[in-house]
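Visitor: Predicted structure and sequence below. I'll ask about it afterward.
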Amino acid sequence: METLARYLMIGGIALFLIGGGVYLAAKFGIPFGRLPGDIRIEGEHGSFYFPVTTSILVSVLLTLILNIISRLMRK
């Protein structure tokens, strides 16, 4: 039960840090979600949006954060 509590606390801290990073990115004018490479197609009857570059950036950041957390937990 203690390990579950530890994982939940780490997950909460990670979500808090990610939320803070997104908030700061919006405050500093970083176009998070509208980066070059994001696909946007607009037509008469609808639109399609796929954030390719944003997805890659989020994936890299989460990988770095989770690797740092896992290395800290091993010690």
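Guide: Nice, thanks for sending it over.
Visitor: Tell me where this protein has strands.
Guide: 39-42, 47-50 (DSSP state E).
Visitor: So which residues make contact with the last one?
Guide: Outside strand 47-50, the residues within contact range by Cβ atoms under 8 Å, 6 or more residues apart in numbering are 38-42. Placement of C-beta: from N, CA and C, glycine included.
Visitor: Now that we have the strands of the chain, can you turn them into CSV and tack on mean neighbour count and distance to residue 10?
Guide: As requested, these are exported to CSV (neighbours: other Cβ atoms under 10 Å; distance: least, Cβ to Cβ, whole Å):
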stretch, mean neighbour count, distance to residue 10
strand 39-42, 9, 34
strand 47-50, 10, 30
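Visitor: who touches residue 26 in this structure?
Guide: Applying Cβ under 8 Å, 6+ apart, we find residue 26 in contact with residue 32.
Visitor: How confident is the prediction for it, by pLDDT?
Guide: As predicted, residue 26 sits at a pLDDT of 84.
Visitor: With residue 74 as the reference, measure out to it.
Guide: According to Cβ to Cβ, to the nearest Å, residue 26 stands 34 Å off from residue 74.
Visitor: same thing with residue 35?
Guide: With distances taken as Cβ to Cβ, residue 35 is found 34 Å from residue 74.
Visitor: need the contact list for residue 18.
Guide: 62, 65.
Visitor: Need the phi and psi values for the residue in the chain sticking out farthest from the centre.
Guide: Distance from the centre of the chain peaks at residue 44, with 31.6 Å (Cα atoms, centre = their mean). With angles defined as degrees, to the nearest 10, residue 44 sits at phi -70, psi -40.
Visitor: and the strands of the chain as JSON lines, adding mean pLDDT?
Guide: Formatted as JSON lines, the strands of the chain follow (pLDDT from 0 to 100):
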{"stretch": "strand 39-42", "mean pLDDT": "90"}
{"stretch": "strand 47-50", "mean pLDDT": "91"}
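Visitor: So for residue 2, which of those sits nearest?
Guide: Taking Cβ to Cβ, strand 47-50 is the member of the strands of the chain nearest to residue 2, at 41.1 Å.
Visitor: Sounds good, over and out.
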